[in-house]
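# compute the structure for the input listed below.
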Amino acid sequence: METFKKIMVAMDLTKTDETVLQYTGFLLDKFGGAKLYCVHTEPDFEIPSEIREKYGNEFAMQSLDEKMKQRMTETVTQILGQRTGLDIEFEVLEGAAFEKLVHWTKVKNVDLLVVGKKKVSEGSGIVAKKVARQTESSVLFVPHGAAPKITKILVPIDFSKHSAKALQHAIDLAENSDNAKVVAINIFDIPTVNYYYIGQNYGQFTALILENAQSAYEIFVEKYQIDKSKVEAIFEENIYLSPAKHINEYARKNDVDFLVMGAKGHSAMEVFFYGSVTESLLTYNEDMPLLVMR
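Just a heads-up that it's a prediction; the model follows:
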């Protein structure tokens with residue numbers, strides 16, 4: 001079973017930090033972990049002159065980054081408590097949030113980056129998409145207020161090695177979460193062909209495509225040695241012309257509380273196709289934690 005030994009938590013010094021840290025503690029309880037980096041990024045440390053004049057003595061006694069580290073330490077201690085064997089390090093950085101996060105996940109060789117996700121209307125959507133696209137570590141997006149629990153995990157699959165890795169991780173996670181249920185969902189398209197050429201109507205042709213998807217699934221689980229007895233497989237036609245909308249609608253209507261997706265590589269073409277689904281899902285989904293596995 002793959003575990004996350006080095007975890008980085010992005011803190012923004014708002015109430016969202018409580019949700020992110022509670023969920024991080026939940027994952028530490030399930031999977032363990034040896035190193036936790038708590039990182040806050042500030043766009044600019046320059047203090048406006050009027051503020052410096054009014055509170056000059058206070059700033060002279062303690063720098064802004066030290067104050068932030070102190071607040072971060074207090075919040076983390078309050079929520080995570082004292083954990084034997086877990087080394088916690090705090091960093092306050094200056095610059096663009098997504099650039100610093102991506103850079104530091106590489107510098108620290110992080111296995112998992114945990115990021116809080118506010119509603120897109122609150123301005124976090126663009127940053128979330130950039131982080132999802134550019135980081136080389138796995139990323140967990142935790143919506144504000146998400147409860148730290150896992151009872152049903154949904155894994156979109158396209159029969160690739162990336163979705164196989166995500167599905168296997170979901171199975172492992174479920175086994176460490178009081179045997180949560182794992183559902184694999186495949187969204188299939190109906191090719192735009194003239195059905196009369198093959199002597200079938202739309203319904204017959206759809207049934208044929210479904211049968212092919214089910215056969216591909218059997219080959220998929222055998223190839224990647226996935227125990228299909230631990231997975232419920234769902235196949236749905238892409239009637240919305242948006243796999244992300246299908247995924248989100250299924251999750252919302254079927255009490256899913258955790259999503260796992262497999263990320264592809266970093267070539268221009270792979271990022272384009274991967275990003276189109278994952279980034280759309282980040283827009284649609286405002287309630288469920290989403291783990292993007294690399």
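# quick one, helices of the stretch 101-250 of the chain?
Along the stretch 101-250 of the chain, counting by DSSP state H, counting those that start in this stretch, helices occupy 125-134, 161-175, 202-223, 243-253.
# residue 220: neighbour count?
Residues near residue 220, counting by other C-beta atoms under 10 Å, number 23. (Each C-beta comes from the backbone N, C-alpha and C, glycine too.)
# of the helices of the stretch 101-250 of the chain, which stretch is the most buried?
helix 161-175 (a mean of 21; mean count of other C-beta atoms under 10 Å).
# mean confidence score for that one?
For helix 161-175, the mean pLDDT works out to 92.
# what's the angle from that helix to helix 202-223?
70 degrees (axes from the mean of the first three to the mean of the last three C-alpha atoms, to 10 degrees).
# what helices or strands is helix 161-175 leaning on?
strand 152-156, strand 181-188, strand 258-262, strand 290-293 (3 or more C-beta pairs under 8 Å, 6 or more residues apart in numbering; DSSP states H and E).
# show residues contacting it.
The set of residues external to helix 161-175 that reach it, using C-beta atoms under 8 Å, 6 or more residues apart in numbering, is 1-2, 30-31, 150, 153, 155-157, 180-182, 184, 220, 223-224, 226-227, 230-231, 258, 260-264, 291, 293.
# contacting residues around residue 18?
By C-beta under 8 Å, 6+ apart, the neighbours of residue 18 are 75, 79.
# if we can go back for a sec, buried subset of the contacts of helix 161-175?
For the contacts of helix 161-175, a burial check counting by 16 or more other C-beta atoms under 10 Å picks out 30-31, 150, 153, 155-157, 180-182, 184, 220, 226, 230-231, 258, 260-264, 291, 293.
# mind putting the helices and strands packed on helix 161-175 in TSV, distance to residue 8 included?
Shown next, in TSV, are the helices and strands packed on helix 161-175 (distance: least, C-beta to C-beta, whole Å):
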stretch	distance to residue 8
strand 152-156	23
strand 181-188	26
strand 258-262	19
strand 290-293	14
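# those strands: which one's closest to residue 84?
strand 290-293 (25.7 Å; C-beta to C-beta).
# identify the bridge partners of residue 88.
Residue 88 forms beta bridges with residue 36, as assigned by DSSP bridges.
# and it, what pLDDT?
95.
# burial check on it, number of neighbours?
16.
# same question for residue 43.
Residue 43 has 10 nearby residues by other C-beta under 10 Å.
# you'd agree residue 26 is in a strand?
No - counting by DSSP: H, G, I helix; E, B strand; the rest coil, residue 26 is not part of a strand but helix.
# tally of neighbours for the residue nearest to it when sequence neighbours are not counted?
Distances taken as C-beta to C-beta, 6 or more residues apart in numbering place residue 148 nearest to residue 26, at 3.7 Å, with adjacent residues excluded. Neighbour count of residue 148, defined by other C-beta under 10 Å: 17.
# ok, back up a step: and of the helices of the stretch 101-250 of the chain, who's closest to residue 21?
That would be, of those and by C-beta to C-beta, helix 125-134, which comes in at 18.0 Å.
# quick one: average confidence on that closest one?
On average, helix 125-134 scores 66.
# repeat for stretch 237-247
88.
# before we move on, what about stretch 66-77?
pLDDT averaged over stretch 66-77 gives 92.
# mind listing residues that contact it?
Against stretch 66-77 from outside (C-beta under 8 Å, 6+ apart): 11, 13, 17, 18, 21, 38, 40, 42, 88, 90, 92.
# buried residues in it?
Neighbour-count burial for stretch 66-77, counted by 16+ other C-beta under 10 Å, picks out 68, 69, 71, 72, 75, 76.
# now the helix or strand harbouring the fifth one, how far from the centre of its chain.
Element membership of residue 75, judged by DSSP states H and E, is helix 64-80. Using C-alpha atoms, centre = their mean, to the nearest Å, the distance from the centre of helix 64-80 to the centre of the chain it belongs to is 24 Å.
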